[in-house]
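Visitor: Here you go, sequence then predicted model.
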Amino acid sequence: MSDGGLIACLECGRRLSQLASHISRVHGMTGQEYRQRHGLPAGYSLASAAYRATQAGITARRIADGSLRPDPLAASEAARSAGRGQRTAEDLARQAEIARAIPRAQLPPGAKRADGRDADRAREAQRRRRAALRERRP
Ligand SMILES: [Zn+2]
(Lines give C-alpha, C1' and ligand atoms only; values in the text may rest on other atoms or scores of the structure.)
Protein backbone atom coordinates (compact mmCIF):
# COMPACT_ATOMS: atom_id res chain seq x y z
CA MET A 1 0.00 0.00 0.00
CA SER A 2 2.18 2.82 -1.22
CA ASP A 3 1.17 6.19 -2.53
CA GLY A 4 3.61 8.97 -3.19
CA GLY A 5 5.88 9.51 -0.23
CA LEU A 6 4.27 7.20 2.33
CA ILE A 7 3.52 3.52 2.78
CA ALA A 8 0.84 2.24 5.20
CA CYS A 9 1.63 -0.37 7.86
CA LEU A 10 -0.80 -3.28 7.49
CA GLU A 11 -0.60 -3.93 11.27
CA CYS A 12 -1.57 -0.53 12.67
CA GLY A 13 -2.31 1.68 9.65
CA ARG A 14 0.45 4.20 10.38
CA ARG A 15 1.83 5.82 7.25
CA LEU A 16 5.61 6.10 7.03
CA SER A 17 8.26 6.56 4.35
CA GLN A 18 9.66 3.09 5.11
CA LEU A 19 8.40 0.29 7.34
CA ALA A 20 11.40 -1.94 8.12
CA SER A 21 12.44 -0.27 11.38
CA HIS A 22 8.80 0.44 12.41
CA ILE A 23 7.80 -3.22 11.95
CA SER A 24 10.80 -4.41 13.95
CA ARG A 25 10.53 -1.79 16.75
CA VAL A 26 6.73 -1.54 17.18
CA HIS A 27 5.47 -4.96 16.09
CA GLY A 28 8.53 -7.10 16.86
CA MET A 29 8.60 -8.70 13.42
CA THR A 30 11.20 -9.05 10.69
CA GLY A 31 10.33 -7.88 7.19
CA GLN A 32 10.07 -11.52 6.10
CA GLU A 33 7.60 -12.34 8.92
CA TYR A 34 5.54 -9.22 8.03
CA ARG A 35 5.37 -10.21 4.35
CA GLN A 36 4.37 -13.79 5.21
CA ARG A 37 1.72 -12.66 7.70
CA HIS A 38 0.09 -10.40 5.10
CA GLY A 39 0.55 -12.70 2.08
CA LEU A 40 2.97 -10.34 0.34
CA PRO A 41 5.54 -11.65 -2.18
CA ALA A 42 9.12 -12.12 -0.91
CA GLY A 43 10.36 -9.18 -2.99
CA TYR A 44 7.64 -6.77 -1.81
CA SER A 45 9.29 -3.47 -0.85
CA LEU A 46 8.76 -2.10 2.66
CA ALA A 47 9.66 1.43 1.52
CA SER A 48 7.63 3.99 -0.45
CA ALA A 49 8.51 4.73 -4.08
CA ALA A 50 9.72 8.22 -3.12
CA TYR A 51 11.98 6.84 -0.34
CA ARG A 52 13.46 4.23 -2.71
CA ALA A 53 14.11 6.91 -5.37
CA THR A 54 15.87 9.14 -2.80
CA GLN A 55 18.03 6.26 -1.56
CA ALA A 56 18.85 5.20 -5.15
CA GLY A 57 19.97 8.79 -5.90
CA ILE A 58 22.20 8.88 -2.80
CA THR A 59 23.72 5.51 -3.70
CA ALA A 60 24.30 6.56 -7.32
CA ARG A 61 26.08 9.77 -6.16
CA ARG A 62 28.25 7.79 -3.70
CA ILE A 63 29.23 5.32 -6.44
CA ALA A 64 29.98 8.22 -8.83
CA ASP A 65 32.21 10.07 -6.33
CA GLY A 66 33.99 6.85 -5.32
CA SER A 67 32.92 6.84 -1.65
CA LEU A 68 30.96 3.61 -2.23
CA ARG A 69 32.38 0.63 -4.09
CA PRO A 70 29.62 -1.84 -4.87
CA ASP A 71 30.39 -5.53 -4.42
CA PRO A 72 27.99 -7.35 -6.77
CA LEU A 73 28.82 -10.81 -5.38
CA ALA A 74 28.13 -9.74 -1.78
CA ALA A 75 24.96 -7.95 -2.90
CA SER A 76 23.57 -11.00 -4.70
CA GLU A 77 24.42 -13.20 -1.72
CA ALA A 78 22.65 -10.76 0.63
CA ALA A 79 19.58 -10.71 -1.64
CA ARG A 80 19.54 -14.51 -1.75
CA SER A 81 19.77 -14.88 2.01
CA ALA A 82 17.02 -12.26 2.45
CA GLY A 83 14.71 -14.52 0.44
CA ARG A 84 14.38 -12.19 -2.52
CA GLY A 85 13.91 -13.99 -5.79
CA GLN A 86 12.44 -17.02 -4.04
CA ARG A 87 8.88 -17.92 -4.87
CA THR A 88 6.40 -17.92 -2.01
CA ALA A 89 3.39 -20.24 -1.84
CA GLU A 90 1.28 -17.28 -3.04
CA ASP A 91 3.59 -16.73 -6.05
CA LEU A 92 3.40 -20.43 -7.00
CA ALA A 93 -0.40 -20.48 -6.62
CA ARG A 94 -0.72 -17.39 -8.84
CA GLN A 95 1.60 -18.91 -11.46
CA ALA A 96 -0.35 -22.19 -11.46
CA GLU A 97 -3.59 -20.24 -11.93
CA ILE A 98 -2.12 -18.34 -14.89
CA ALA A 99 -0.78 -21.58 -16.42
CA ARG A 100 -4.19 -23.25 -16.11
CA ALA A 101 -5.85 -20.31 -17.90
CA ILE A 102 -3.57 -20.64 -20.97
CA PRO A 103 -5.47 -22.49 -23.67
CA ARG A 104 -3.52 -25.50 -24.91
CA ALA A 105 -4.51 -26.83 -28.27
CA GLN A 106 -4.34 -30.60 -28.11
CA LEU A 107 -5.50 -32.75 -30.98
CA PRO A 108 -8.01 -35.45 -30.06
CA PRO A 109 -6.79 -39.11 -30.06
CA GLY A 110 -6.50 -40.51 -33.59
CA ALA A 111 -6.24 -37.08 -35.28
CA LYS A 112 -3.55 -36.10 -37.79
CA ARG A 113 -1.32 -33.07 -37.34
CA ALA A 114 -1.13 -30.36 -40.03
CA ASP A 115 2.06 -31.98 -41.38
CA GLY A 116 0.22 -35.31 -41.78
CA ARG A 117 1.93 -37.04 -38.84
CA ASP A 118 -0.08 -39.03 -36.35
CA ALA A 119 -0.86 -36.85 -33.28
CA ASP A 120 -0.81 -39.84 -30.87
CA ARG A 121 2.67 -40.94 -32.01
CA ALA A 122 4.01 -37.37 -31.71
CA ARG A 123 2.54 -37.12 -28.21
CA GLU A 124 4.08 -40.46 -27.17
CA ALA A 125 7.48 -39.44 -28.57
CA GLN A 126 7.24 -36.17 -26.61
CA ARG A 127 6.42 -38.08 -23.38
CA ARG A 128 9.41 -40.42 -23.91
CA ARG A 129 11.73 -37.45 -24.54
CA ARG A 130 10.53 -35.71 -21.36
CA ALA A 131 10.84 -38.90 -19.28
CA ALA A 132 14.40 -39.40 -20.57
CA LEU A 133 15.25 -35.79 -19.67
CA ARG A 134 13.80 -36.24 -16.16
CA GLU A 135 15.92 -39.37 -15.61
CA ARG A 136 19.07 -37.57 -16.71
CA ARG A 137 18.59 -34.83 -14.10
CA PRO A 138 20.15 -35.45 -10.68
ZN1 LIG B 1 2.52 -0.59 12.43
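Guide: Received it, and whenever you're ready, just let me know what you need.

Visitor: domains for this structure, by residue range?
Guide: Split into domains by automatic domain parsing, the chain comes to 2-101, 107-138.

Visitor: how close does the residue of the chain positioned farthest from its centre get to residue 109?
Guide: Seen from the C-alpha centroid of the chain, the residue lying at the greatest distance (C-alpha atoms, centre = their mean) is residue 116, 42.1 Å away. Plainly put, residue 116 is 17 Å away from residue 109 if you go by C-beta to C-beta, to the nearest Å. Bear in mind the C-beta positions are built from the backbone N, C-alpha and C, glycine included.

Visitor: circling back: so the residue farthest from the centre of the chain, which of the three states?
Guide: Assigned by DSSP: H, G, I helix; E, B strand; the rest coil, the conformation of residue 116 is coil.

Visitor: still on that earlier bit, quick check: which of the domains of the chain is nearest to the ion?
Guide: The ion lies closest, by C-beta to the ion, to one member of those: domain 2-101, at 3.2 Å.

Visitor: Is the ion within reach of the closest one?
Guide: Yes. For domain 2-101, a contact with the ion is found by C-beta under 5 Å from the ion, at 9, 11-12, 14.
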